[in-house]
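**Q** Predicted model follows, preceded by the sequence.
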Amino acid sequence: MTFEPGYRNSWQIHHAATGIGQVLICTAGSGCYQQEGSPAVSLRPGSVVVILAGIKHWHGERDS
């Protein structure tokens, strides 16, 4: 995904029988990822986040 400045998606869950629900790879700029019940994590180029199936989360661009 590519995010416009200030974009943040809604809370979401990727459903799968088992395993990985989504993989985020930050290639440029900066962003954020947050899993429900945990603090937001900053994403920078080279950051990789593996989100297991069934985990409620959001992700988006970080405002400067």
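**A** Nice, I can see it.
**Q** Quick one: residues contacting the residue of the chain positioned farthest from its centre.
**A** Distance from the C-alpha centroid of the chain, by CA atoms, centre = their mean, peaks at Ala17 (20.2 Å). Ala17 makes contact with Ala53, according to CB atoms under 8 Å, 6 or more residues apart in numbering. No exception for glycine: its C-beta is placed from N, CA and C like everyone else's.
**Q** Distance check, it against Gly54.
**A** For Ala17, the distance to Gly54 equals 10 Å [CB to CB, to the nearest Å].
**Q** per-residue confidence at the closest residue to Gly54 other than its chain neighbours?
**A** Excluding its sequence neighbours, the residue lying closest to Gly54 (CB to CB, 6 or more residues apart in numbering) is Ile13, at 6.2 Å. You'll see Ile13 listed with a pLDDT of 93.
**Q** tell me the contacts of Ile13?
**A** 21, 54-57 are the contacts of Ile13 under CB under 8 Å, 6+ apart.
**Q** what ranges do the strands span in the protein?
**A** For the chain, the strands defined by DSSP state E cover 20-25, 31-35, 41-43, 48-52, 57-61.
**Q** Can you list the low-confidence ranges for the protein?
**A** 1, 62-64 (pLDDT under 70).
**Q** if we go to 90?
**A** 1-10, 15-21, 27-30, 60-64 (pLDDT under 90).
**Q** can you pull the contacts of the closest residue to Gly60 other than its chain neighbours?
**A** With sequence-adjacent residues excluded and distances taken as CB to CB, 6+ apart, Gly60 is closest to Arg8, at 3.4 Å. Shown in contact with Arg8 (CB under 8 Å, 6+ apart): 32, 58-61.
**Q** Also Phe3?
**A** The neighbourhood of Phe3, defined by CB under 8 Å, 6+ apart, consists of 29, 31, 60-61.
**Q** ChimeraX command to pick out the buried ones of the residues you listed?
**A** Selection command for ChimeraX covering only the buried members of the contacts of Phe3, criterion 16 or more other CB atoms under 10 Å:
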select :31,60,61
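**Q** still on that earlier bit, ok, which pair from the contacts of Arg8 is furthest apart?
**A** Trp58 and Glu61 (11.6 Å; CB to CB).
**Q** Tell me how many other residues crowd the residue lying closest to Ile25 once chain neighbours are set aside.
**A** Spatial nearest neighbour of Ile25, excluding adjacent residues (CB to CB, 6+ apart): Val48 at 5.4 Å. By other CB atoms under 10 Å, the residues close to Val48 number 9.
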